[in-house]
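J.: have a look at this prediction, sequence included:
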Amino acid sequence: MTTPKQTTRGHCFHIHSANDKLLEKHYADYRYRSIEMVQAAENMSTGRQKSTVKADIGKNRLIFTFRGWLVKKDLDSLYTDVRFCVADLKPGFHVITDLTDSTFGSLNCLSTFRKIMGFLMEKKAGQVVRVTRESSLIHKQIMNFSARLQGYKPIYVGTLAEAERVLADQNSSKSLRFLLHQTPTHFSASGVKETGYIREISIIDCIIEFFSSELHIGQSIVLEFTFAQKDGSSQSFEIPSKITAIEHDHFTAEFVDITEEQQQQLNACLIREAQKEPE
């Protein structure tokens, strides 16, 4: 039995001494003050924690392991390692991000996290699974940021074993899902034109914030999206769809007869849209 080939590049993260005023600002912003966390940060300030990224070529998977206190300088260096690792993988590669040993991320890390996310989207990543402890400060930070920013939608689990099970259950062709904020869509249902907002979207389906008692599962609709292009023009889509689920404030629609060319064009638009900075 052969062992899957792996390429590994790691980077050491320096743990900096905690600055009381900076800590106070971070904790005040997010209201997650913890004496135990401050003490832990101070204890780690004399050590070195190593965060790594590796490419598992056999499984076509990218694996991040973050440890300790995350700072921008070290994350910037890790971004370089990410680009080398992804070069060894095929489009559709899955991503596991293990944050169980990470404690806190400096606010100025956000721009580099966004760069990494954008790079993974452009390289056509598949499913993204994040392993975190819900009680941890880093988990609360990520959830706070995710609620404010557009990007892809990860799956959250509590252990690496659970992450492996999730990916084993996923169809290898499962597409990346994007979270968009207040992006309008028009759709025609039973001859009536309505307006809703995209909550989540992929190249195969979407979730629309809208509710009407006139909608029903199995109903055919035509969804219309328009996205701005880099050159100032816009690209529009009209996609026949079928409603597959209805909740109290949204419905899910599966795209019907969407061509591969349309999927590629839609994916390119979604990547650009997801990387836009919040206004």
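T.: Received the coordinates, thanks.
J.: can you give me the helices in the stretch 151-279 of the chain?
T.: In chain order, the stretch 151-279 of the chain shows helices spanning 160-169, 260-274, with DSSP state H, counting those that start in this stretch as the criterion.
J.: dump those to a markdown table, plus mean neighbour count and mean pLDDT.
T.: No exception for glycine: its C-beta is placed from N, CA and C like everyone else's. Output for these, formatted as a markdown table (neighbours: other Cβ atoms under 10 Å; pLDDT from 0 to 100):
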| stretch | mean neighbour count | mean pLDDT |
| --- | --- | --- |
| helix 160-169 | 14 | 91 |
| helix 260-274 | 16 | 91 |
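J.: using TSV, lay out those helices together with distance to Phe64.
T.: TSV is the format used below for the helices of the stretch 151-279 of the chain (distance: least, Cβ to Cβ, whole Å):
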stretch	distance to Phe64
helix 160-169	11
helix 260-274	19
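J.: Arg177 is in contact with Gly126, correct?
T.: No. With the criterion set as Cβ atoms under 8 Å, Gly126 and Arg177 do not qualify as a contacting pair; they are 10.5 Å apart.
J.: so Gln141 sits in a strand?
T.: No. Counting by DSSP: H, G, I helix; E, B strand; the rest coil, Gln141 falls outside a strand, being helix.
J.: next one: the residue nearest to it when sequence neighbours are not counted relative to Thr112, how far apart?
T.: Distances taken as Cβ to Cβ, 6 or more residues apart in numbering place Gly105 nearest to Gln141, at 5.7 Å, with adjacent residues excluded. If you measure Gly105 against Thr112 using Cβ to Cβ, to the nearest Å, the figure is 10 Å.
J.: more neighbours, these two?
T.: Neighbours were counted for Gly105 and for Thr112 using other Cβ atoms under 10 Å; Gly105 has more, 23 against 20.
J.: tell me the bridge partners for that one.
T.: For Gly105, the beta-bridge assignment (DSSP bridges) gives partners Leu70.
J.: who are the contact partners of it?
T.: The neighbourhood of Gly105, defined by Cβ atoms under 8 Å, 6 or more residues apart in numbering, consists of 69-70, 113, 138, 141.
J.: go with 10 Å
T.: When contacts are counted by Cβ atoms under 10 Å, 6 or more residues apart in numbering, Gly105 is found next to 26, 66, 69-72, 75, 99, 112-113, 137-138, 141-142, 145.
J.: re the thing from before, okay, and the common contacts of Gly105 and Thr112?
T.: The contact sets of Gly105 and Thr112 overlap at 70-72, 75 (Cβ under 10 Å, 6+ apart).
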